[in-house]
Structure formats: structure tokens, C-alpha cells
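**Q** Okay, predicted coordinates and the sequence, questions at the end:
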Amino acid sequence: MISDSPSVMRKALKDSLSLPAFILFFTMMGFGSFARSTGFGVEMAVVASLFIWGLPGQLVMAELTATGQPIFAIIFACSLANARFLPMVVSFLPTISRPGAKFGQMVLDAQLLSINSWAMCQREFPRIAPDQRRRYFLVFASVILLAAVIGTAIGHTVSVLLPQPLVLGLIFTSPLFFALVLSAVPALSHRLALLSGCLIVPLANEWFPSIDLLLTGLIGGTIAFLIGKSRRKTR
Amino acid sequence: MSTQTLWIIVIGSILSTFIWRFLGAVVVRKISAQGDLFEWVTCVSYAMVAGLVFRMIILPQSELATLSIGVRVSAVVLAFAAYFLFKRNLLAGVLVGSLSLSLMAGLSVGAELF
């Protein structure tokens, strides 16, 4: 258990710089160059990465703008693609804030949260003392946000020509990273939720592609929760 | 589209994403971190994130779709093998998985040339 601030800072820096910062840098380079091809200026792309801070929504925004959809539809679709932040924030904030935490501070923590820091904190928090977890999160999340913003700017301004197989390998780092990080989840109900999420998403995507992840989360999460609860009762 | 319209889209997208984060912070203040509701929301998050990752691998909307599913799945298997071989080292897993995918993609491009 790591409990002193310098060690927590070091761990957060090491954990973020060793891989996630690189992944974010590269994937946001992809967003930057995509945003450029769809007409967004470099400052717009940077502001989007910095403040939307949710790649699925950013991609939807750029894609629908390119196809000339109405403004309202673009904003709504971006919101829908990022709706996962609601359950993520609800399940995350109690793990870092003590009961007396100020509301403004909680909103700022929520704004800094992304799927990377959420998954990484779920994995690393058992090894970090509870009163140091927020420090770990803030350092980790700030480093990867910075990497993402720099990546966006570079992707927008420089057109890097890498061989296609290498580009594919780099795109693949993101799902690989999440799959590995999530495989370490200890609780039974959470493992069940991961499994049911994988099983349901192909069907949800086939039938309701625009809300497939929301449906997957609600159905898969509820099944996992109910099974986990009945298992706890029988014990 | 005009610069002004594009800025409206960016700022609208920022606000429409922020709503979810803000609502999350509001909900957190109303529920107990030990209660069933919290546990349910955590399960929903896990299922959603798993769905997102699984979809990225099985049904990619990116350029990864140009590769066969066999290539993508074997790269994931190799990544897990390396991850556990190197005592749950994330860097080892991601490096092996991503390099093997690049290699297989390169080989299949090469095979098409001949």
C-alpha cells in the first residue's frame, strides 16, 4: 500500500508516462488530422480535446459536421456518444472524495475524468492509500490530458506519413490497453458486467447502433448487479 | 461551414458532454457509496466500457476494419499472453499485441502484392 505523497506522485507520473500518455498522444493526433480534414481549425480541435475530453463524442462531432448535419443534431449526437460519463462519474467520485468534499471540486474532478483514468484508477486504487487516491488521479489525468492536447495540435498541423501497418498497430494500442487493464478487476459482479457487456454489444449494435453502448451498459450492468447481489445473499 | 458555425458546434459539444459529468456529480451527492444504487451504477459503467472496448476489437469503425477479425483477435491473444508472461506488465502486453498486429497487417499487404 502506497501512502506517502511523493511516492504516489512518482507512481502517477510513471504509470501515465509509461504508456497511457503515449496512447492518448497518438489517438488524439488521429483526431487532430481528422478534425482538420472536416474543416475545424487547430484552435477548435485543441479546445475540443481539452474541454470535451471524450474521444467518441469528438469523433462523432467531426464526422457529422463533415456530412453537413444540422447543428442541433451534431451537438445531440456528441452528447449521446459521451453519455457514459454519467455512470462513470457516479461510480468514480466516491472512490476519491471524502464526505466533506466541495461540490465545485467534485465537478472539476468529473471534468478531468476520462475512460483511461477511470480504468487505470480502478486497477491501481487497491494499492494506494484512500487519502492519496485523489492525488494519484489528478496527476495521472493531467498528464494524459496534456499529452492529448499536444497530440491534437500536432496531428492537425503536421501530416505525418507512417506506413499503414504501423498506423493500424498504433490505433490498436487503445483497445488493447483497456482490455488488459480491465482484465485485472477483482469483484465478481464487475467481472460479470465486463462479460455481459462483451456478449450484449454485438446484438445492441446490430439492432440499435446509435444507442448500443447505453443499452449494453444498462442491460449488462443490471444482469451483473442482480447476479452479484443474489450471490452475496446466499453466502 | 463558417468559422462561427464551427465554434458553435465545438462549444455546444463541450456543454452537451459536460451535462453528463455535472449530473454525475449531482447524483453522487444523493446516493450512498455503500448502497445498492452505487453498486448498480458501477456495474453499468463496467458493462458499458467493456462493450466499447469489445466493439473496438470485434466491430471496429476505424481503419482497423480493413483487417480480418482473425488478425485482430490473434493480436489480442498474443497481447494477453505477453501481459501474463511478464507478470501483468501493461507495456509488454500492449507492445506485443500492437507490433504483432502491425506485422500481420504488413504481411497481408505483402501477400497481396505477389
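**A** Received it, and whenever you're ready, just let me know what you need.

**Q** show me where chain A has helices.
**A** With DSSP state H as the criterion, chain A has helices at A:5-18, A:20-37, A:42-51, A:55-66, A:71-81, A:85-96, A:103-112, A:115-124, A:133-157, A:164-182, A:188-207, A:212-234.

**Q** which of those helices sits most buried?
**A** helix A:85-96 (a mean of 24; mean count of other Cβ atoms under 10 Å in any protein chain shown). All C-beta atoms are positioned from the backbone trio N, CA, C, and that covers glycine.

**Q** Tell me what angle that one forms with helix A:115-124.
**A** 40 degrees (axes from the mean of the first three to the mean of the last three Cα atoms, to 10 degrees).

**Q** what's the average pLDDT for helix A:85-96?
**A** Helix A:85-96 shows a mean pLDDT of 94.

**Q** Check what contacts that helix and list those residues.
**A** Residues outside helix A:85-96 that contact it (Cβ atoms under 8 Å, 6 or more residues apart in numbering or on different chains): A:54, A:106, A:109-110, A:113, A:115, A:118, A:121, A:125, A:133-134, A:137, A:217, A:221, B:17, B:20-21, B:23-25, B:27-28, B:31, B:33, B:38, B:41-42, B:44-45, B:48-49.

**Q** now check stretch A:217-235, is it near chain B?
**A** Yes. Counting by Cβ under 8 Å from any Cβ of the partner chain, chain B has neighbours in stretch A:217-235: A:217, A:218, A:219, A:220, A:221, A:222, A:224, A:225, A:228, A:229.

**Q** Which two of these have the greatest separation?
**A** A:217 and A:229 (17.4 Å; Cβ to Cβ).

**Q** returning to that earlier point: so which of the helices of chain A comes closest to residue B:86?
**A** helix A:164-182 (11.1 Å).

**Q** Which elements pack onto that closest one?
**A** In terms of contacts (3 or more Cβ pairs under 8 Å, 6 or more residues apart in numbering or on different chains; DSSP states H and E), helix A:164-182 is packed against helix A:20-37, helix A:115-124, helix B:36-58, helix B:69-85, helix B:90-113.

**Q** Pass me the low-pLDDT residue ranges in chain A, would you?
**A** Counting by pLDDT under 70, chain A contains low-confidence ranges at A:235.

**Q** Just send the helices of chain A back as CSV, with distance to residue B:68 too.
**A** Below are those laid out as CSV (distance: least, Cβ to Cβ, whole Å):
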stretch, distance to residue B:68
helix A:5-18, 31
helix A:20-37, 22
helix A:42-51, 32
helix A:55-66, 23
helix A:71-81, 27
helix A:85-96, 32
helix A:103-112, 38
helix A:115-124, 27
helix A:133-157, 27
helix A:164-182, 12
helix A:188-207, 17
helix A:212-234, 22
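
**Q** show me what contacts the closest residue to residue B:48 other than its chain neighbours?
**A** Excluding its sequence neighbours, the residue lying closest to residue B:48 (Cβ to Cβ, 6 or more residues apart in numbering or on different chains) is residue A:217, at 3.2 Å. Contacts for residue A:217 were tallied using Cβ under 8 Å, 6+ apart; they are A:84, A:87, A:197, B:44, B:45, B:47, B:48, B:51.
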